[in-house]
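> what follows is a protein structure lacking sequence information:
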């Protein structure tokens, strides 16, 4: 088997060798959803063709044979998947390359849909030579578009490789400026196409994306999607006699023909996973010229947050401790646009006035992720994950959050559910938690009583303030649990920050002992969850962790994992009416919502890689700044002792 790249020299050589030696060949090309960035970015898809190659209309190809012969009517699952993928492409605006920002909604002063787009390509593009398009020049296409659409506004889109200086255009752009509006901005194709009713192209893939967006498409060549009754063809291909629907052409081209591989997880993939992964990570690669204003971050947080904000140039990240007049003037002095953002830590309340609204600036709140580190945040341990929420904050039940919206709207594939289940299995097998500091054993005396774990929290913490409006202290929680479970064996576990001497206790130990049978310290979760019958909490993340271990959880507040039918809830949230499975909760809260960063390499990683890193740290001990962390811990304990005095 001889392999080569399309109709490039390696591909032509592969075909010649296979003919000489009577062996097979395989021609490879990028898939139709390729990557987040341009050609040097990691690829998500590839096509392998043992007949021809999809853009060569002079001979058959594997894709053309699929389109001519596949029994689509008997494969309803395939067409259902195609429709799902098409909807996701529209929703997340996914194209072949996904580096460019969306076009501004007010880019066109003319708000009517009577606009026609001509799609320019690159000089020497092999799809022009082999796609039967070389007999036409772009001037002829512009003249045809003008003649056939006398009342329309004619625009011409320059190819992104031309805009980035990688290739030359197939036309002299200067010579056509008097005939049409030139769109020279490098913008997302899907976001652009929604402004047009009709497109003209030779062989560009953007023509098929126009069909997806409901545009008419005129082809002055024979791309893979032409000749099937969907396009206005100015060239004919006698081999293509079948009439197909958009969903059928999409299913063959985007699902059956390519192979997908997720470079983030390093696992085989499919089109749904590819779209969702690119949708999540493409924001990281865009908007390099925008500005990020970071408010209220302590000095040590500034050191790691820049890695998470890699979509901004380093000099465009501005740290501001408060939004005073000086800072406001500084923001106004810089040309902000809709791609600039304000970042706040947690749920802090800063009065920005009307400035962000006037400038159309997004406000995003940041917090630790649910799998955080090997060590406490109060000890200044760098987090392996953060959440970025531009809707609200996950612990604030008084309003929606991005996590809540994800749970309410997500529709997961079997592959995604399996991924969530495997992640849960690994977390429970290796006892991975938020801080991963539990070391003590626990030998409970044999009892026939129901064993209830009551989880203490840092009183005054934002998650209690915004997530538990009625029960707000540990002593009140214990009092209620005891009153409703008079015969139970109640175990109380203080918050790790209190045990470490890093946070001030409000509820007194002598009062706590009145309502519980035992107080425990940093007991390992696998030991703990194996011995208890129920966990009662206000809003502690430990309730979510208990769900992973199949422990009954009773919530007196409304944490992110409550209200979905998985917990016993003392409160209700009217927005949370959907009933979900644990796998769906795991996927939303541990896979979709957070971003994970390798502490050493400073690269984005998957949740699976983050868990593997923490497993290794459990075996060998933390790899970073251990002496520094011990010093910080000592200082924090001393400061807290002084405050208590």
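It's in. Being a predicted model, the structure only gives us computed values, none of them experimental.

> so residue 85 is in which element?
helix 76-92 (DSSP states H and E).

> contacts for that helix?
Residues from elsewhere that reach helix 76-92 (C-beta atoms under 8 Å, 6 or more residues apart in numbering): 72, 94, 190, 209, 212-213, 246-248, 250-251, 254-256, 271-272, 275-276, 278-279, 411. Glycine gets a C-beta too; all of them are placed from N, C-alpha and C.

> how about it: buried residues?
Residues 78-79, 81-82, 85-86, 88-90 are the ones in helix 76-92 that count as buried (16 or more other C-beta atoms under 10 Å).

> cool, and stretch 510-520?
So stretch 510-520, judged by 16+ other C-beta under 10 Å, has buried residues 512, 515-517, 520.

> check stretch 257-267 too.
So stretch 257-267, judged by 16+ other C-beta under 10 Å, has buried residues 257-258, 260-262, 264-265.

> same question, stretch 531-543
So, applying 16+ other C-beta under 10 Å, buried residues of stretch 531-543: 532, 534-543.

> that one: how far from the chain's middle?
29 Å (C-alpha atoms, centre = their mean, to the nearest Å).

> count of neighbours near residue 226?
Using other C-beta atoms under 10 Å, residue 226 has 29 other residues around it.

> that one contacts residue 236, correct?
No - contact criterion C-beta atoms under 8 Å: residue 226 and residue 236 do not qualify, at 9.3 Å.

> what element comes up after the helix or strand hosting residue 199 heading to the C-terminus?
Here residue 199 sits within strand 198-201, counting by DSSP H and E. Scanning forward in sequence from strand 198-201 by DSSP H and E, the next helix or strand is helix 206-212.

> by contact count, what packs against the helix or strand just after that following helix?
Per DSSP H and E, the first helix or strand lying C-terminal to helix 206-212 is strand 216-219. Strand 216-219 is packed against strand 198-201, helix 206-212, strand 232-233, with contacts defined by 3 or more C-beta pairs under 8 Å, 6 or more residues apart in numbering; DSSP states H and E.

> quick check: which of the ones you listed is buried the most?
strand 198-201 (a mean of 25; mean count of other C-beta atoms under 10 Å).

> what residues does that one touch?
Here strand 198-201 has contacts from 116-119, 121, 141, 144-145, 149, 152, 193, 206-207, 210, 215-221, 223, using C-beta under 8 Å, 6+ apart.

> what do you get if the cut-off is 6 Å, keeping everything else the same?
116-119, 141, 145, 207, 210, 215-218 (C-beta atoms under 6 Å, 6 or more residues apart in numbering).

> out of the residues you listed, which one sits closest to residue 419?
Using C-beta to C-beta, residue 210 is the member of these that lies nearest residue 419, at 33.3 Å.

> check contacts around that closest one.
193, 199, 217.

> what number of residues lie near the first one?
Number of residues near residue 193 (other C-beta under 10 Å) recorded here: 26.

> then residue 521?
Residue 521 has 12 nearby residues by other C-beta under 10 Å.

> same question for residue 348.
Residue 348, neighbours per other C-beta under 10 Å, totals 11.

> quick one: it and residue 296 touch, right?
Yes - between residue 348 and residue 296 there is a contact at 5.3 Å, judged by C-beta atoms under 6 Å.

> before we move on, back to that, dump the buried residues of helix 76-92 to a markdown table, plus distance to residue 617 and pLDDT.
As requested, those are exported to a markdown table (distance: C-beta to C-beta, whole Å; pLDDT from 0 to 100):
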| residue | distance to residue 617 | pLDDT |
| --- | --- | --- |
| 78 | 44 | 97 |
| 79 | 47 | 97 |
| 81 | 39 | 96 |
| 82 | 43 | 97 |
| 85 | 38 | 97 |
| 86 | 43 | 97 |
| 88 | 36 | 96 |
| 89 | 39 | 97 |
| 90 | 42 | 96 |
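
> nearest to residue 618 among those?
residue 88 (37.2 Å).

> ok so, going back, from the buried residues of stretch 510-520, which is closest to residue 169?
Of the buried residues of stretch 510-520, the one sitting nearest to residue 169 (C-beta to C-beta) turns out to be residue 520, at 70.1 Å.

> give the contact list for that closest one.
442, 491, 493.

> out of those, which are inside strands?
491, 493 (DSSP state E).

> filter the buried residues of stretch 531-543 down to the ones in helices?
541-543 (DSSP state H).

> picking up where we left off before, name the nearest of the buried residues of stretch 531-543 relative to residue 42.
residue 541 (32.8 Å).

> tell me the pLDDT of residue 497.
On pLDDT, residue 497 comes in at 68.

> hang on, I meant residue 303
81.

> part of a strand, is it?
No - Residue 303 is assigned helix when assessed by DSSP: H, G, I helix; E, B strand; the rest coil, not a strand.

> and the closest residue to residue 597 other than its chain neighbours, its phi and psi?
Nearest residue to residue 597, sequence neighbours excluded (C-beta to C-beta, 6 or more residues apart in numbering): residue 307, at 5.5 Å. With angles defined as degrees, to the nearest 10, residue 307 sits at phi -60, psi -40.

> how many neighbours does residue 307 have?
17.

> just to revisit the earlier point, what pairs with the following helix or strand past the helix holding residue 85, parallel or antiparallel?
Downstream of helix 76-92, the first helix or strand assigned by DSSP H and E is strand 115-119. Note on strand 115-119: by DSSP bridges, its sheet partners are strand 153-157 (parallel), strand 198-201 (parallel).

> can you add distance to residue 63 and give those back as JSON lines?
Below are the strands paired with strand 115-119 laid out as JSON lines (distance: least, C-beta to C-beta, whole Å):
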{"stretch": "strand 153-157", "distance to residue 63": "25"}
{"stretch": "strand 198-201", "distance to residue 63": "18"}
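
> ok now do residue 242, which residues does it touch?
residue 68.

> please pick the buried ones from the contacts of strand 198-201.
By 16+ other C-beta under 10 Å, the contacts of strand 198-201 give 116-119, 141, 145, 207, 210, 215-218 as buried.

> and these, which two are the farthest apart?
Longest span within the buried ones among the contacts of strand 198-201, C-beta to C-beta: 141 and 215, 15.5 Å.

> having no further points to raise, I will conclude here.
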